[in-house]
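Peer 1: the sequence isn't on hand, but the structure is:
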Ligand SMILES: Nc1ncnc2c1ncn2[C@@H]1O[C@H](COP(=O)(O)OP(=O)(O)OP(=O)(O)O)[C@@H](O)[C@H]1O
């Protein structure tokens, strides 16, 4: 483990009623500690998961539009206002790693292609060929497999967006490999990924951000109820 705690520097914030400080989970945030190599952020759409993940990425020196320290490709880095108002506590500090969001993966792949014009050996780190020549899911998995054994912090925003349910299950093995030498923080809506057993889950839904058990998450409960009683739900939804 590397990142131990996030501390919000409330005293520096001038207007708590302005975005992003007015998002309920962020407003009530004081400190958030990390005690496992894998941490999930869960919560409703708009509950502030990406905002906090992006702020961590910003403080790590990663491109907040996706990528690592060295991946400063041209893509307007999205606003990272919260990043200036949090402090990260490390033990020990790492600088290696990256921030990955499914929607910016395309640009990341193009950036690697540009680097490969200068030095094709870079493809060795990405499955031997352009990420554009691999399917979205394949290239995503390739990228992570190449990080096995490296110390680093990996911040992933909804990685399931690129992955079929079967590949999401493969991704659980990838998370397990990554966390042997690295730390992984994942914002997700996937009830499959969330099942990874050696993780802590932070819930962004109600009140302050709090730990929640897998079986208590809405993601687990809704999916389970739906699969157990599909016809009841569909009747409610459609009729
Ligand atoms: N640039 C912005 N200006 C104002 N409000 C914003 C801005 N970007 C995001 N928000 C709002 O901040 C809130 C939190 O957004 P955020 O993207 O962090 O949510 P999230 O939990 O990651 O959601 P999702 O699961 O849909 O990805 C949302 O209500 C969103 O509309």
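Peer 2: Alright, I've got the coordinates. What you see is a predicted model; the values in this text were computed from it and never measured. Numbering: from 1, shown residues only.

Peer 1: okay, residue 36 and the ligand: tell me how far apart.
Peer 2: 21 Å (Cβ to the nearest ligand atom, to the nearest Å). For glycine as for every other residue, the C-beta is placed from the backbone atoms N, C-alpha and C.

Peer 1: where does that residue land in three-state SS?
Peer 2: Secondary structure for residue 36, judged by DSSP: H, G, I helix; E, B strand; the rest coil, is coil.

Peer 1: now do the strands in this structure.
Peer 2: 3-8, 31-33, 38-42, 86-90, 97-101, 152-157, 182-187, 199-203, 210-211 (DSSP state E).

Peer 1: can you put those in CSV and add mean pLDDT, distance to the ligand and mean neighbour count?
Peer 2: What follows is the strands of the chain, written out as CSV (pLDDT from 0 to 100; distance: least, Cβ to the nearest ligand atom, whole Å; neighbours: other Cβ atoms under 10 Å):
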stretch, mean pLDDT, distance to the ligand, mean neighbour count
strand 3-8, 97, 15, 18
strand 31-33, 97, 14, 15
strand 38-42, 98, 8, 24
strand 86-90, 96, 14, 15
strand 97-101, 87, 9, 24
strand 152-157, 93, 7, 23
strand 182-187, 96, 6, 24
strand 199-203, 98, 11, 21
strand 210-211, 97, 15, 13
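
Peer 1: in TSV: these, plus distance to residue 223.
Peer 2: What follows is those, written out as TSV (distance: least, Cβ to Cβ, whole Å):
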stretch	distance to residue 223
strand 3-8	29
strand 31-33	26
strand 38-42	12
strand 86-90	32
strand 97-101	23
strand 152-157	20
strand 182-187	17
strand 199-203	15
strand 210-211	20
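
Peer 1: of those strands, which is nearest residue 139?
Peer 2: Comparison of the strands of the chain against residue 139 by Cβ to Cβ identifies strand 97-101 as nearest, at 11.3 Å.

Peer 1: does any part of stretch 11-19 sit near the ligand?
Peer 2: Yes: residues of stretch 11-19 are located near the ligand by Cβ under 6 Å from any ligand atom, namely residue 19.

Peer 1: contacting residues around that stretch?
Peer 2: For stretch 11-19, the surrounding residues in contact (Cβ atoms under 8 Å, 6 or more residues apart in numbering) are 10, 21-22, 27, 81, 84-85.

Peer 1: do stretch 126-140 as well
Peer 2: Residues contacting stretch 126-140 (Cβ under 8 Å, 6+ apart): 102, 105, 108-110, 112-113, 116, 123, 142-143, 145-146, 159, 162-164, 167.
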